[in-house]
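Trainee: Turn this into a structure:
(one chain, ligands or ions: 1)
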Amino acid sequence: MTSEICDVVLQGGTCIFPHAISKADIGFINGKISSFNPTIKSATKIINCTNLIVFPGVIDTQVHFREPGLIHKEDLQSGSQAAALGGVTAFLEMPNTKPPTTTCAHITEKVAIATNRAFAHFGFFIGATANNLQELIAAENCHGCVGIKIFLGSSTGDLLLYDQKILEDIFRHTRLPIAIHSEDELRLKEREHIRNQATHPRQHPEWRDVETALRSTKMILQLARKCQRRIHILHISSAEEMELLRQFRDTATVEVLPQHLTLQSPDCYDRLGTYAQMNPPIREYHHQAALWRALRDGVVDIIGSDHAPHTKNEKERGYPASPSGLPGVQTIFPLMLHHFLEGKLSLLHLAKLLSENPANLYGLKGKGQIAIGNDADFSIADIQASSSISADLMASRCGHTPYDGMKLKGKVCMTILKGNVIMQDGVLANKPMGEILDRTKC
Ligand code: DOR
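Mentor: Numbering: from 1, shown residues only. Modelled structure (predicted):
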């Protein structure tokens with residue numbers, strides 16, 4: 001017990017600390033955690049967390065919020081509202097907007113757009129191109145830039161880079177974390193006839209097959225190891241890549257998505273059609289089982305949502321004219337909580353995958369752990385309750401979710417940003433409180 005006077009006390013919750021789970025009252029002053037079990041009497045505000053689980057703020061390290069340029073799909077306000085409603089306190093946003101985010105000026109523009117509009121804390125990726133090395137280097141000192149994104153295979157937008165000489169230059173001369181979309185562009189092109197002749201999204205994983213992902217992942221791991229450059233490989237979707245990644249723990253960190261952990265082919269395509277179409281694709285059950293095995297073995301570092309909204313009209317164009325990508329920022333935490341309650345992983349492990357590891361990998365100051373001095377960002381859940389996912393409750397402008405109607409164990413009930421409640425029981429605060437994320441030096 002300490003006698004410090006706190007602005008706010010979170011009272012009675014079960015807290016997920018880095019190495020233990022225990023009941024504690026958490027006091028904050030000026031948006032930072034100042035004490036555990038403080039004298040409650042003196043607090044100006046008490047938030048009752050009895051019977052609730054208090055997580056360190058969930059950080060979604062892969063979202064596409066489409067602003068500028070594609071705001072008919074999403075914008076930084078709607079996307080961040082979806083984040084806060086789903087218990088996400090911070091997001092890292094991808095560069096395949098229009099124009100693509102390939103300069104420090106573009107990052108600064110995104111920061112300006114997000115400021116006073118975001119309902120969660122924010123940081124942005126700069127996209128690598130064949131000729132923006134100087135920008136990638138300068139981005140180390142650009143406030144709001146959290147990392148470099150490389151698309152080795154083409155997906156939504158024009159960003160694409162697979163020239164090994166240029167990749168090697170980027171690996172050797174930059175210091176920001178590098179996140180990679182790994183699919184082999186040449187194989188995609190060679191086999192484009194499969195896509196062009198296809199009539200059903202069930203054929204999407206035939207075109208973008210395991211070999212397409214594996215070949216690219218092998219290439220980039222070997223290149224990174226040669227350059228002694230750590231990389232982060234996004235949305236791993238196959239058993240074969242996971243086997244390979246086990247041997248490259250010194251080189252690469254690994255992300256998986258709730259989509260790949262929850263949905264499976266061919267069922268998802270039969271049920272959802274193009275609403276299950278994404279890159280890299282959702283594959284058969286044995287791949288999903290391998291992802292879970294790798295996650296339990298510690299080969300997976302981060303779970304991100306790859307929130308990639310497209311409108312219903314766009315999705316309804318029919319395969320192959322329909323764009324790839326599924327929304328997910330509002331469902332990542334509820335779904336993963338459900339997986340915990342189904343016995344798939346522990347709460348301590350979940351907090352590492354959703355908060356601590358993201359903060360460490362991207363060097364996010366004051367984030368990732370419930371610890372004195374850190375920001376008072378929390379994602380709070382009731383694991384005795386149940387909930388369900390409904391497209392009607394999604395704040396994303398796209399208005400759909402592949403999980404519509406799914407019943408979940410557990411319920412996300414509160415999101416707190418620097419000591420302020422931004423969402424409670426499905427209701428958002430009436431003002432945005434998201435702030436720019438600060439990085440520790442590279
Ligand atoms: O399916 C996808 N959609 N995969 C990506 O890598 C990009 C994303 C998008 O931006 O739509």
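
Trainee: And C6, what's its pLDDT?
Mentor: With respect to pLDDT, C6 has a value of 84.

Trainee: swap in L52?
Mentor: 98.

Trainee: go on, C442?
Mentor: For C442, the model assigns a pLDDT of 67.

Trainee: How many residues are close by D438?
Mentor: 16 (other CB atoms under 10 Å). From N, CA and C alone the C-beta is placed, and that goes for glycine too.

Trainee: how about the nearest residue to it, chain neighbours excluded?
Mentor: K365 (4.3 Å; CB to CB, 6 or more residues apart in numbering).

Trainee: got a list of what that neighbour touches?
Mentor: Counting by CB atoms under 8 Å, 6 or more residues apart in numbering, K365 touches L437, D438, R439, T440.

Trainee: what's the next secondary structure element after the helix or strand A138 falls within?
Mentor: Using DSSP states H and E, the element containing A138 is helix 133-138. Next helix or strand after helix 133-138 toward the C-terminus (DSSP H and E): strand 145-151.

Trainee: tell me the mean pLDDT over the helix holding A138?
Mentor: Here the average pLDDT along helix 133-138 is 98.

Trainee: Does anything pack onto that helix? Which helices or strands?
Mentor: helix 164-173 (3 or more CB pairs under 8 Å, 6 or more residues apart in numbering; DSSP states H and E).

Trainee: Could you tell me the angle between the helix it packs on and strand 145-151?
Mentor: 160 degrees (axes from the mean of the first three to the mean of the last three CA atoms, to 10 degrees).

Trainee: Tell me the buried residues in helix 164-173?
Mentor: I166, L167, I170, F171 (16 or more other CB atoms under 10 Å).

Trainee: now stretch 386-406
Mentor: 387, 389, 391, 394-398, 400-403, 406.

Trainee: now check stretch 402-412, is it near the ligand?
Mentor: No. Stretch 402-412 lies out of reach of the ligand by CB under 6 Å from any ligand atom, never closer than 12.0 Å.

Trainee: how long is that stretch from one end to the other?
Mentor: The first and final residues of stretch 402-412 sit 19 Å from each other (CA to CA, to the nearest Å).

Trainee: got a list of contacts for it?
Mentor: 86-87, 259, 262-263, 268, 272, 275-276, 326, 331, 333-335, 337-338, 340-342, 379-383, 385-391.

Trainee: interface residues of the stretch 151-300 of the chain facing the ligand?
Mentor: S155, T156, H181, M278, N279.

Trainee: thinking again about what came up before, quick one: which of the buried residues of helix 164-173 is nearest T103?
Mentor: I170 (15.1 Å; CB to CB).

Trainee: residues near the closest residue to the closest one other than its chain neighbours, how many?
Mentor: Closest residue to I170 apart from its sequence neighbours, by CB to CB, 6+ apart: A128 at 5.8 Å. Neighbour count for A128, taken as other CB under 10 Å: 26.

Trainee: What pLDDT does the model give A128?
Mentor: Looking at A128, its pLDDT reads 98.

Trainee: longest helix anywhere in this protein?
Mentor: If each helix of the chain is counted by residues according to DSSP state H, the longest one is helix 210-227.

Trainee: Please save the CA atoms from that one in PDB.
Mentor: C-alpha atoms of helix 210-227 as PDB (Å, rounded to 0.1, in the frame of the first residue of the first chain):
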ATOM      1  CA  VAL A 210       2.200 -22.600 -50.300                       C
ATOM      2  CA  GLU A 211       5.200 -22.700 -52.700                       C
ATOM      3  CA  THR A 212       4.600 -19.000 -53.500                       C
ATOM      4  CA  ALA A 213       4.900 -18.100 -49.900                       C
ATOM      5  CA  LEU A 214       7.700 -20.600 -49.000                       C
ATOM      6  CA  ARG A 215      10.000 -19.600 -51.900                       C
ATOM      7  CA  SER A 216       9.800 -15.900 -51.000                       C
ATOM      8  CA  THR A 217      10.200 -16.600 -47.200                       C
ATOM      9  CA  LYS A 218      13.300 -18.800 -47.900                       C
ATOM     10  CA  MET A 219      14.800 -16.100 -50.100                       C
ATOM     11  CA  ILE A 220      14.300 -13.200 -47.600                       C
ATOM     12  CA  LEU A 221      15.500 -15.200 -44.600                       C
ATOM     13  CA  GLN A 222      18.700 -16.200 -46.300                       C
ATOM     14  CA  LEU A 223      19.300 -12.600 -47.500                       C
ATOM     15  CA  ALA A 224      18.600 -11.200 -44.000                       C
ATOM     16  CA  ARG A 225      20.900 -13.700 -42.300                       C
ATOM     17  CA  LYS A 226      23.700 -12.900 -44.800                       C
ATOM     18  CA  CYS A 227      23.300  -9.200 -43.900                       C
END
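
Trainee: Against which helices or strands is it packed?
Mentor: By 3+ CB pairs under 8 Å, 6+ apart, helix 210-227 packs against helix 164-173, helix 185-190, strand 231-233, helix 239-246.
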